[in-house]
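**Student:** The following block contains a protein sequence and its predicted model.
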Amino acid sequence: MRDYVEIGIGREARKAYDLGDLSIVPKRRTRSSQDVDTTWNIDAYTFDIPLVSHPTDALASPEFVIEMGKQGGLGVIDAEGLWGRHADFEAAVKKVVDSCQDHWGIDSEEKYQEFVDSGERSLRTLQELHAADLDTDLLSERIAQVRDSGVTVAVRVSPQNARELAPVVIAAGAEILFIQGSIISAEHVQQGGEPLNLKEFVGSLDVPVIAGGVYDYSTATHLMRSGVAGVIVGSGSSSTVVNVPAATAIADVAAARRDYLDETGGRYVHVLADVPIWDADSIALAIACGADAVMLGRNLAQASEAAANGVYWEAQAAHPRFPRGDVSKDPVVSTDTALETVLFGPSSVPYGGLNIVGGLKRMMAKCGYTDIKAFQKADLAIRD
């Protein structure tokens, strides 16, 4: 039963929950973590772990995307990022990194103002780099480099540019297309332009499409009916009031998946959680709420293969008029840790930031589950 609260005369709001508001209740026989299978399948593609990298240039160097695939996950390329705008991708990223100051040692108002100024400077640098024209030949060349490595190639485009860029990236080797914005609907309408009808567009493509972000049952259902293979809940860690707390949003979209499965007599649409994820605990909670896979961003920035050497931002931060999110660096995170160690350990850090997959497997095993689908039915409790 949904819980509505009166917030004023004649106005109600639904009570919703974030991942941190919940805990997983262990009620089954414990298992060995060695018996846990974290395999995730979508369309014809199988992945050893249910982890997908957020499409940001802060992570996605060609080396990172390839290594993410080799480790059993899925790395996503941002087609509208710096890959196709600058021949020297590393130099472009370095400009952003060099303009960023971490918050370590801020002990005065003067140092705090320097930190604030560096944040604004980093955003301006990112916006200037994104103002360069998109060279589709250069973008295609870099996508082909990933394709030639043998890993599954996933590329993200925005809803407003999907019609123009999707044929380009698919021709270059993209095997899974992400159509991803902060908020998406089954039809994208813009003044002076032709509306993007996802059902017609998805039906015209030869690759599976994953679309989002969404936050509610109704929008998710409409997206599923458009023929997408997966629906993304959320839009990363960028802050905006136009969202729903993560646990409730994931559960609502998972309910839409269940009802759509019944409606179609068996068509299963995957749910990917692109919400603030801090550690293995958050990943486990997202899956227990109904997610099939989880998108990671800042957690992976510490990997030595990540493009920005510990500095992190998301695609929305580069918006020319309304940047969302920031360019930031965690001063206590080491950036010489291999992606393999971030995912599989070993770890000497007790906070869940390393050996992420090992932590997920251990929690699943302690709760008595050995696969992702079963773990989606784990009992949950609300923290008071």
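**Tutor:** Great, that's in hand.

**Student:** Quick one: low-confidence residue ranges for the stretch 251-384 of the chain.
**Tutor:** Low-confidence segments of the stretch 251-384 of the chain, defined by pLDDT under 70, span residues 331-335.

**Student:** What is the burial count for Tyr260?
**Tutor:** For Tyr260, the number of neighbouring residues by other CB atoms under 10 Å comes to 18. All C-beta spots, glycine's among them, are computed from the backbone N, C-alpha and C.

**Student:** Quick check: chain neighbours aside, which residue is closest to it?
**Tutor:** In this structure, Tyr260 finds its nearest non-sequential neighbour in Met224, 4.5 Å apart by CB to CB, 6 or more residues apart in numbering.

**Student:** residues making contact with whichever strand or helix holds that neighbour?
**Tutor:** Secondary structure assigned from DSSP states H and E places Met224 in helix 217-225. Defining contact as CB atoms under 8 Å, 6 or more residues apart in numbering, one finds that helix 217-225 is touched by 184-186, 198-199, 211-212, 214, 231, 233, 252-253, 255-257, 259-260, 269.

**Student:** The residue nearest to Tyr260 and Asp48: what is the separation?
**Tutor:** Note on Met224: its distance to Asp48, by CB to CB, to the nearest Å, is 26 Å.

**Student:** Same check on Val214?
**Tutor:** Between Val214 and Asp48 the distance is 27 Å, computed by CB to CB.

**Student:** Specify which residue of the two has the higher count of neighbours.
**Tutor:** Val214 (28 against 14).

**Student:** isn't that one right up against Val228?
**Tutor:** No. Contact status for Val214 versus Val228: not in contact, 10.5 Å apart, counting by CB atoms under 8 Å.

**Student:** you'd agree Ala306 is up against Phe64?
**Tutor:** Yes. When contacts are counted by CB under 8 Å, Ala306 is listed as touching Phe64 (5.5 Å).

**Student:** Of those two, give the one with the bigger neighbour count.
**Tutor:** Neighbour tally, Ala306 and Phe64, criterion other CB under 10 Å: the higher count belongs to Ala306, 28 against 23.

**Student:** any idea how far the more buried one is from Gly181?
**Tutor:** Between Ala306 and Gly181 the distance, using CB to CB, works out to 23 Å.

**Student:** separation between the spatially closest residue to Ala288 that is not a sequence neighbour and Gly290?
**Tutor:** Closest residue to Ala288 apart from its sequence neighbours, by CB to CB, 6+ apart: Ala378 at 4.4 Å. Computed with CB to CB, the distance linking Ala378 and Gly290 is 10 Å.

**Student:** just Ser218 next, same as before
**Tutor:** Distance, Ser218 to Gly290, using CB to CB: 16 Å.

**Student:** the more surrounded of those two?
**Tutor:** In this comparison of Ser218 against Gly290, neighbours counted by other CB under 10 Å, the higher total goes to Gly290 at 22 against 11.

**Student:** which SS state does the more buried one fall under?
**Tutor:** Judged by DSSP: H, G, I helix; E, B strand; the rest coil, the three-state class of Gly290 is coil.

**Student:** Hmm, it is touching Ala254, no?
**Tutor:** Yes. Here Gly290 reaches Ala254: they are 2.6 Å apart, a contact under CB under 8 Å.

**Student:** Which residues are in contact with each of those two?
**Tutor:** With contacts defined as CB under 8 Å, 6+ apart, the residues shared by Gly290 and Ala254 are 271, 376.

**Student:** mean confidence score for stretch 95-114?
**Tutor:** Per-residue pLDDT over stretch 95-114 has a mean of 71.

**Student:** Kindly state the beta-bridge partners for the residue nearest the centre of the chain.
**Tutor:** Taking CA atoms, centre = their mean, the centroid of the chain lies closest to Met295, which sits 3.3 Å from it. Taking DSSP bridges, one finds Val52 as the beta-bridge partners of Met295.

**Student:** what's the distance between it and Thr56?
**Tutor:** Distance of Met295 to Thr56, computed by CB to CB: 10 Å.

**Student:** what does Ile170 give?
**Tutor:** Taking CB to CB as the measure, Ile170 and Thr56 are separated by 21 Å.

**Student:** Looking at these two, which has the bigger crowd around it?
**Tutor:** For Ile170 against Thr56, the residue with the higher neighbour count under other CB under 10 Å is Thr56, and the figures read 29 against 18.

**Student:** secondary structure class for that one?
**Tutor:** Thr56 carries the three-state label coil when classified by three-state DSSP.

**Student:** and the closest residue to it other than its chain neighbours, how many neighbours?
**Tutor:** Spatial nearest neighbour of Thr56, excluding adjacent residues (CB to CB, 6+ apart): Glu314 at 5.2 Å. By the criterion of other CB under 10 Å, Glu314 has 26 neighbours.

**Student:** got it, and Glu109?
**Tutor:** For Glu109, the count of nearby residues is 8 (other CB under 10 Å).

**Student:** Correct me if wrong: the residue nearest to Ala288 contacts Ala286.
**Tutor:** No. Taking CB under 8 Å as the contact criterion, Ala378 and Ala286 are not neighbours in contact, 11.6 Å apart.

**Student:** Report the buried residues of stretch 141-153.
**Tutor:** Residues of stretch 141-153 classed as buried by neighbour count (16 or more other CB atoms under 10 Å): 142-143, 145-147, 151-153.

**Student:** Out of those, which two sit at the greatest distance?
**Tutor:** For those, the maximum inter-member distance is 15.9 Å, found between Arg142 and Thr152 (CB to CB).

**Student:** So what does Glu12 have for phi and psi?
**Tutor:** Backbone torsions of Glu12, given as degrees, to the nearest 10, read phi -120, psi 160.
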